[in-house]
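Q: what would the 3D arrangement of this be:
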Amino acid sequence: MKRCQDMARQGSAPEVVLGIDLGTTKSVMAAFLEDDVEVLQNDIGSRSTPSCVHASMDAGDAVRDVGEAALRLAVSHPHSTVRNVKSVLGRAHQDVGSDHHLGPIKLGQSNLGHGVSIYLEGGVVMAAEEVTSMLLVHLKKAAEEQLGRGDINFAVIAVPAYFNAAQRNAVRDAAYLAGLRVLHLVNDTSAAALVYARERDQPKTVLVVDVGGGGSSVAVVRTEFSAVRVLAASDRRLPGGEDFDARMVEHFKEVIKQAHGLEVTSARSLEILRGQWEKAKQKLSRIPSTKMATFLPDGDLDFQADVSRAAFEELCRPLFEAIVDEVKRTLLKAEVAVNQVDDVVLVGGSSRIPALRAMVQSELAQRPLCKAVSADEAVAKGAALLAAQCVRLEEVTPLVLKVTAAGNEVVVPANTALPLTLAMPGNSTVVVEQGCLDQPSLVVIHEKKSVQAVKFSIDPCGFFRFLDSQGASMKLLPRGCIGGPALTQIRDKVQSRIQDEEEDRRRIELKNELEERCRAYLSQEEEAAQGDPDEALVRDLRRDCETHLQWLEANPTAAKEELDTRHASLTGCWLNLDESREQRRAANAREAERQRVESETFKMRKNLEEKCLSYLQEPEAAYGDPDADLVRNLRRECGRHLQLLDADHDFSLDELELKHASVSSLWSELKESRERREAQREEAERLQREREREALRRQREDEIRRQREAERMQRDDEIRRQREAERMQREDEIRRQREAERGQKEAERRQREDEKQWAAIKRSEELRNQKEGDMKKEADRRPRQAQTYSQVAQKRPAAGRSDQGAGDEAGPRDPRVALEDSVRQMYKCVFRSEALRRKSFSLQPQDPRPSPRLPATRVVRALADGEAVRALQAAATAGRALLVVEQVAAPGRLLVALSARFLAGHGARKPVERLLLLRDALTTTGEDLLLRLDGLLADAGVQVACAEHTLFSMYSHCKKSTQMSTLQQERA
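A: As a prediction, this is how the structure comes out:
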């Protein structure tokens with residue numbers, strides 16, 4: 001990556017770094033081009049390439065086919081076709097056993113180390129790295145052809161997360177054999193997360209599930225600002241598409257055995273079943289059921305079966321549950337709850353299985369699955385993004401690592417952040433193991449004696465490094481990988497084969513090109529006619545083409561040099577024929593040009609003569625004609641040209657063109673002059689018409705303006721008259737309304753005056769009747785007056801006699817003196833409660849002036865309890881405050897209860913203050929009045945504010961009553 005950046009800074013074209021998803025069943029490649037990731041196509045235009053390689057020996061020559069071509073040969077040559085080679089990469093032969101999906105291919109111990117050798121039909125033996133390199137070479141060539149450049153040398157390759165260091169080292173070795181330098185190895189799940197995280201600013205916790213053909217893996221990552229931090233990843237190979245296919249193939253074998261009693265054992269039949277099931281599986285992702293029909297070589301059986309999605313899901317449910325269980329374990333290792341997962345990303349071809357998607361979604365509380373990431377291309381795009389350094393990645397080690405050195409054991413738990421460095425004792429036996437803790441044993445990666453390393457490290461790609469005391473890296477070969485010299489030998493062989501294939505491709509292109517040229521010349525060059533100047537050349541060319549075709553048919557593997565020679569010979573024959581034809585075409589062209597010039601000269605001469613004759617027919621210009629000079633010049637020039645034409649018949653074409661041009665120029669000048677005068681005349685007429693139209697337009701506008709002015713004046717007069725009438729009508733209405741209001745107010749005033757007079761008369765009558773009754777009662781009360789004074793003196797509180805001396809308490813007080821004292825105390829209480837009056841009982845609280853004094857408005861005199869109750873109810877209904885006088889004890893003896901209520905009456909706009917006083921109904925003695933005044937004083941000190949003139953009225957009435965009582969006593 002650093003080299004690519006350096007080249008970009010130097011101004012040269014940047015290196016294209018391939019992002020490769022090296023899948024078990026299919027491989028995809030992508031590249032970062034023009035600020036975006038583009039998935040590259042293979043040689044047949046497909047965006048994915050089957051990870052399949054066919055190798056055989058044909059007539060002593062090695063035949064290699066990769067991708068679609070190899071997959072088509074898998075049925076006819078199953079023992080020469082390798083699929084799923086990634087499952088044995090970097091694994092020792094004893095570790096692989098039968099745990100592979102290579103089909104009928106045989107495996108053996110590699111003679112280059114602890115790795116695996118693949119034995120194909122025809123005695124072809126290859127290492128797993130060599131087979132993988134053939135696939136990578138095929139991808140590299142396809143990318144170079146599509147991008148139009150032949151210098152793609154770098155790649156970022158995605159591998160399963162459960163790959164250990166030996167398997168990762170084997171992938172790097174395979175890329176080295178293919179001529180690719182691996183800049184980074186990234187886990188499949190991490191690469192898919194990089195695509196999801198690109199240009200996303202919000203932090204999210206994402207669960208990534210990769211269900212590929214060779215296996216499945218799970219990871220929990222944290223994404224933020226185009227960066228990915230892996231929290232946890234699965235540490236084992238989970239079931240994948242090949243496991244699902246194997247289970248279904250076994251199911252079909254059992255169905256065939258039960259239905260036909262036939263054991264399907266041949267590799268061809270099994271490959272046919274597997275291929276047909278793959279097609280049916282793709283359909284079942286979209287429809288609930290489908291049919292399979294194929295021919296099996298075993299027993300010449302025409303096999304047909306109905307396959308339903310439900311049956312497939314039922315057979316593979318244990319495999320699906322294994323993937324879901326790993327999802328639970330990975331979330332637990334990442335310490336992430338289900339409700340903390342923000343998004344779920346499913347990638348891999350087998351992730352489209354509806355049942356698997358539903359089970360994963362159910363485990364995550366029906367959280368919706370992310371559809372913004374392509375299931376087939378996400379991993380390759382993520383690798384390309386990492387190659388372009390568009391995103392950042394913080395990786396962990398999915399597997400448990402155990403390092404034993406000098407008897408000391410260090411265990412690095414899974415999901416430890418990378419890179420990681422451990423100290424080691426020098427010159428000791430080192431054993432490095434990787435794997436899962438719940439497996440019976442870990443896989444031994446390194447087992448070396450007398451290792452001088454003092455440091456052990458793991459880089460973000462998962463590669464192990466041993467460093468000596470000087471910091472230099474020590475090369476230790478992982479178990480299951482190919483050694484350095486053997487790897488170099490295989491690389492030389494692979495590169496030699498690549499060169500041979502390139503030369504063979506060029507040879508085939510030359511052969512095909514020669515054949516196409518021969519057939520094209522034969523089809524376009526018919527037999528030459530008798531007397532044809534090129535008859536001999538055509539006959540030689542056709543004879544050479546037929547000879548070359550016969551030779552190509554007899555020598556399909558002709559050498560490139562011989563093909564080049566025949567190409568040169570055929571080209572020489574064709575050039576001779578083409579040169580002869582070109583010379584003949586040039587001579588014919590010259591003759592045609594001569595004839596054309598003669599024809600043009602004759603036409604030009606005739607045309608000039610006709611024009612001159614026609615121009616001479618122009619009449620002589622009249623006297624005063626502005627064009628007289630032009631007409632004379634034209635006639636003179638035409639006459640001169642006609643004389644020359646009659647005298648000399650050998651004018652050249654150029655001379656005739658000049659004469660024709662001079663005559664045409666004079667005629668054009670004359671014509672332009674006439675046209676100019678005609679245009680001037682037409683312009684003058686046009687201007688005259690314009691002036692007439694303008695005058696007519698102005699006349700019409702004046703008429704319209706006068707008409708509109710008259711209409712406007714008429715409308716204004718009508719509006720003025722209408723408004724004047726409306727104004728007079730409104731004034732009449734207002735005048736009548738005001739007169740009516742004045743009459744109504746006058747009637748109301750007269751009514752109020754009548755009511756006042758009537759109330760005064762009624763009041764005078766009531767007072768007169770009351771006084772007469774009082775005088776009658778006075779005589780009856782004299783005998784009890786003395787007794788009443790003594791009782792009153794005993795009942796009065798001590799506060800009422802606070803102003804008297806000690807000697808006055810023995811005898812009764814004078815009623816008049818007591819009355820005057822009570823009145824004075826009322827005045828003091830009222831004046832002290834000035835603030836209370838202004839705050840609570842003012843008719844206008846916002847007005848700083850003193851509130852107006854309100855006289856008592858209503859007095860209720862009750863002679864019985866029933867009447868008092870009814871009067872209280874009536875007053876409450878009317879919303880007024882009232883004073884109730886109740887009759888208690890004997891007739892003629894009244895107890896006045898003074899109370900005040902402040903209510904807002906129905907419809908009243910302001911608070912009403914009412915001071916209810918007993919005034920006209922008092923006919924008792926002065927002592928009784930004193931008791932009433934004491935009660936009034938007590939109430940006034942709490943809430944009641946009495947008006948000043950009301951107090952004076954009460955004082956005068958009480959004084960008058962007391963004087964009358966005293967006068968009656970004196971008379972008695």
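
Q: helices along the stretch 601-750 of the chain, start to end?
A: 628-647, 653-781 (DSSP state H, counting those that start in this stretch).

Q: same check on the stretch 201-350 of the chain?
A: 241-260, 267-284, 309-334.

Q: thinking again about what came up before, among the helices of the stretch 601-750 of the chain, which is the most enclosed?
A: helix 628-647 (a mean of 15; mean count of other CB atoms under 10 Å). Just so you know, the C-beta spots here come from the backbone N, C-alpha and C atoms, and that holds for glycine as well.

Q: remind me what it packs against, helices and strands.
A: helix 560-616, helix 653-781 (3 or more CB pairs under 8 Å, 6 or more residues apart in numbering; DSSP states H and E).

Q: which of the ones you listed has the lowest mean pLDDT?
A: Note on the helices and strands packed on helix 628-647: helix 560-616 shows the lowest mean pLDDT, a mean of 84.

Q: including distance to residue 144, could the helices and strands packed on helix 628-647 go into a markdown table?
A: Converted to a markdown table, the helices and strands packed on helix 628-647 look like this (distance: least, CB to CB, whole Å):
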| stretch | distance to residue 144 |
| --- | --- |
| helix 560-616 | 21 |
| helix 653-781 | 61 |
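
Q: out of those, flag the one nearest residue 430.
A: helix 560-616 (53.0 Å; CB to CB).

Q: would residue 189 count as being in a helix?
A: Yes: counting by DSSP: H, G, I helix; E, B strand; the rest coil, residue 189 is part of a helix.

Q: count of neighbours near it?
A: Using other CB atoms under 10 Å, residue 189 has 34 neighbouring residues.

Q: find me the pLDDT at it, would you?
A: For residue 189, pLDDT reads 95.

Q: of the helices and strands packed on helix 628-647, which is nearest residue 127?
A: helix 560-616 (30.7 Å).

Q: by contact count, what packs against the closest one?
A: helix 484-524, helix 535-554, helix 628-647, helix 653-781.

Q: returning to what we had before: and the helices of the stretch 601-750 of the chain: which comes nearest residue 173?
A: Across the helices of the stretch 601-750 of the chain (criterion: CB to CB), the nearest stretch is helix 653-781, sitting at 81.8 Å.

Q: okay, the angle between that closest one and helix 560-616?
A: 90 degrees (axes from the mean of the first three to the mean of the last three CA atoms, to 10 degrees).

Q: what is helix 653-781 packed up against?
A: helix 560-616, helix 628-647, helix 948-971.

Q: averaged pLDDT, the last one. What do you get?
A: In other words, helix 948-971. Here the average pLDDT along helix 948-971 is 58.

Q: check stretch 273-283 too.
A: pLDDT averaged over stretch 273-283 gives 89.

Q: state the distance from the residue nearest to residue 351 when sequence neighbours are not counted to residue 234.
A: Distances taken as CB to CB, 6 or more residues apart in numbering put residue 211 closest to residue 351, at 4.3 Å, once the chain neighbours are dropped. With distances taken as CB to CB, to the nearest Å, residue 211 is found 12 Å from residue 234.

Q: re the thing from before, relative to residue 265, which of the helices and strands packed on helix 560-616 is closest?
A: helix 484-524 (34.5 Å).

Q: picking that back up, would TSV of the helices of the stretch 201-350 of the chain with distance to residue 658 be doable?
A: Shown next, in TSV, are these (distance: least, CB to CB, whole Å):
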stretch	distance to residue 658
helix 241-260	88
helix 267-284	82
helix 309-334	92
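
Q: please identify the deepest-packed of these.
A: Ranked by mean neighbours (mean count of other CB under 10 Å), the helices of the stretch 201-350 of the chain are led by helix 267-284, with a mean of 19.

Q: which strands and helices sit next to that one?
A: helix 68-76, helix 241-260, strand 289-296, strand 301-308, helix 309-334.

Q: just the CA trace of that helix, in CSV.
A: Output of helix 267-284 as CSV, limited to C-alpha atoms (Å, rounded to 0.1, in the frame of the first residue of the first chain):
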residue,chain,number,x,y,z
ALA,A,267,-18.5,-39.9,-9.2
ARG,A,268,-20.3,-38.8,-12.4
SER,A,269,-23.7,-39.5,-11.0
LEU,A,270,-23.0,-37.8,-7.8
GLU,A,271,-21.6,-34.8,-9.6
ILE,A,272,-24.8,-34.7,-11.8
LEU,A,273,-27.0,-34.9,-8.7
ARG,A,274,-25.0,-32.1,-7.0
GLY,A,275,-25.2,-29.9,-10.0
GLN,A,276,-29.0,-30.4,-10.5
TRP,A,277,-29.6,-29.8,-6.8
GLU,A,278,-27.7,-26.5,-6.9
LYS,A,279,-30.0,-25.2,-9.6
ALA,A,280,-33.0,-26.4,-7.7
LYS,A,281,-31.7,-24.8,-4.5
GLN,A,282,-31.5,-21.4,-6.2
LYS,A,283,-35.1,-21.8,-7.3
LEU,A,284,-36.3,-22.7,-3.8
